[in-house]
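[1] Quick check, what structure comes out for this input:
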Amino acid sequence: MKTIGIIGGLAWPSTITYYSTINRLVSSKLGPEHCAELILVQADFKEILHWIRTKEWELLGKKLLALAKHLESSGADFIVIACNTVHRALPLSENKIALPILHIVDASLERILQLGLKRVGLIGSPLTMTDEYFAGRLADHQVEVVPPSKDDQRTIHDALRNEFVQGLFLPETRVRFKEVISRLAEEGAEAVILGCTEFGILLKEEESPVLLIDTAVVHCEAAVSMAMV
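    Numbers count the residues shown, from 1 in each chain. Purely as a prediction, here's the structure:
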């Protein structure tokens with residue numbers, strides 16, 4: 001089995017999701033006594049968040065490079081970044097990183113294409129919902145992205161900023177998110193991408209009016225598949 005390198009702390013609740021999901025998947029495939037071979041490095045999210053808000057992508061890219069080199073020197077075989085938004089800075093550093101990087105959007109796109117979907121909703125951080133780093137990659141494969149309304153984007157951003165980064169996942173927020181998803185379905189979305197790695201903690205597919213594609217889960221599944229090749 002290859003050793004998975006995880007860049008986490010973006011924010012810490014999603015790091016827990018990656019660690020537990022990857023280990024559960026390995027255990028389910030190989031048996032209950034097995035777990036993943038992985039190395040985890042964690043960044044201080046406050047520093048990362050500052051660079052995202054100020055759009056200092058070069059500084060964020062340098063940080064990703066430093067974290068990736070740490071994983072490389074520690075024996076990782078490939079890297080996953082446990083955050084959607086941070087992938088925006090990846091083009092500034094990936095050509096300097098020796099290890100393969102399993103891109104979260106590519107993992108999500110693979111699932112979308114497997115399902116034969118052509119029109120999907122996308123909820124995530126403000127950047128994820130508006131920047132081409134996510135939607136553009138899907139458009140290259142003729143997948144149309146339906147973003148939430150401006151009001152719904154504010155609802156999502158407020159929950160991210162005030163709740164999720166602190167590990168708070170409130171019932172009333174779950175209700176509001178379901179309403180956002182319902183509106184995207186009414187606009188013709190065949191599925192909704194949970195484009196923030198914390199969203200799967202709040203929302204479960206069985207409670208959704210439409211198919212959900214949790215980027216954290218499909219990313220972890222792709223990582224385990226890559227590790228076991």
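
[2] which non-adjacent residue is nearest the most far-flung residue of the chain relative to its centre?
    In the chain, residue 33 marks the outermost C-alpha relative to the chain mean, sitting 27.7 Å out by CA atoms, centre = their mean. With sequence-adjacent residues excluded and distances taken as CB to CB, 6 or more residues apart in numbering, residue 33 is closest to residue 27, at 7.9 Å. Every residue, glycine included, has its C-beta placed from N, CA and C.

[3] show me what contacts that neighbour?
    33, 34, 35 (CB atoms under 8 Å, 6 or more residues apart in numbering).

[4] Try it again at 10 Å.
    For residue 27, the contact set (CB atoms under 10 Å, 6 or more residues apart in numbering) comprises 33, 34, 35, 36.

[5] just checking, residue 29 touches residue 224?
    Yes - between residue 29 and residue 224 there is a contact under CB atoms under 10 Å: 7.2 Å.

[6] So between the two, which is more surrounded?
    Using other CB atoms under 10 Å, the more surrounded residue of residue 29 and residue 224 is residue 224, with 22 against 11.

[7] packing partners for the helix or strand encompassing that one?
    Using DSSP states H and E, residue 224 sits within helix 215-227. Using 3 or more CB pairs under 10 Å, 6 or more residues apart in numbering; DSSP states H and E, the elements in contact with helix 215-227 are strand 4-8, helix 12-30, strand 78-81, helix 104-115, strand 191-195, helix 199-202.

[8] As a markdown table, those with mean pLDDT and distance to residue 90 would be great.
    Shown next, in a markdown table, are the helices and strands packed on helix 215-227 (pLDDT from 0 to 100; distance: least, CB to CB, whole Å):
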| stretch | mean pLDDT | distance to residue 90 |
| --- | --- | --- |
| strand 4-8 | 97 | 10 |
| helix 12-30 | 95 | 17 |
| strand 78-81 | 98 | 7 |
| helix 104-115 | 97 | 10 |
| strand 191-195 | 97 | 15 |
| helix 199-202 | 93 | 20 |
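
[9] which one of those is the most hemmed in?
    Among the helices and strands packed on helix 215-227, strand 191-195 has the highest mean neighbour count (mean count of other CB atoms under 10 Å), at a mean of 28.

[10] Tell me which of the helices and strands packed on helix 215-227 lies nearest to residue 63.
    Shortest separation from residue 63 across those is recorded for strand 4-8, at 9.3 Å, computed as CB to CB.

[11] related to what we said a few turns ago, rebuild the helices and strands packed on helix 215-227 as JSON lines, extending it with distance to residue 121.
    Listed next are the helices and strands packed on helix 215-227 as JSON lines, based on distance: least, CB to CB, whole Å:
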{"stretch": "strand 4-8", "distance to residue 121": "26"}
{"stretch": "helix 12-30", "distance to residue 121": "20"}
{"stretch": "strand 78-81", "distance to residue 121": "23"}
{"stretch": "helix 104-115", "distance to residue 121": "12"}
{"stretch": "strand 191-195", "distance to residue 121": "4"}
{"stretch": "helix 199-202", "distance to residue 121": "12"}
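
[12] Out of the ones you listed, the one nearest residue 146 is which?
    In terms of CB to CB, the element of the helices and strands packed on helix 215-227 nearest to residue 146 is strand 191-195, at 8.6 Å.

[13] re the thing from before, the residue nearest to residue 33 and residue 21, how far apart?
    Distance, residue 27 to residue 21, using CB to CB, to the nearest Å: 11 Å.
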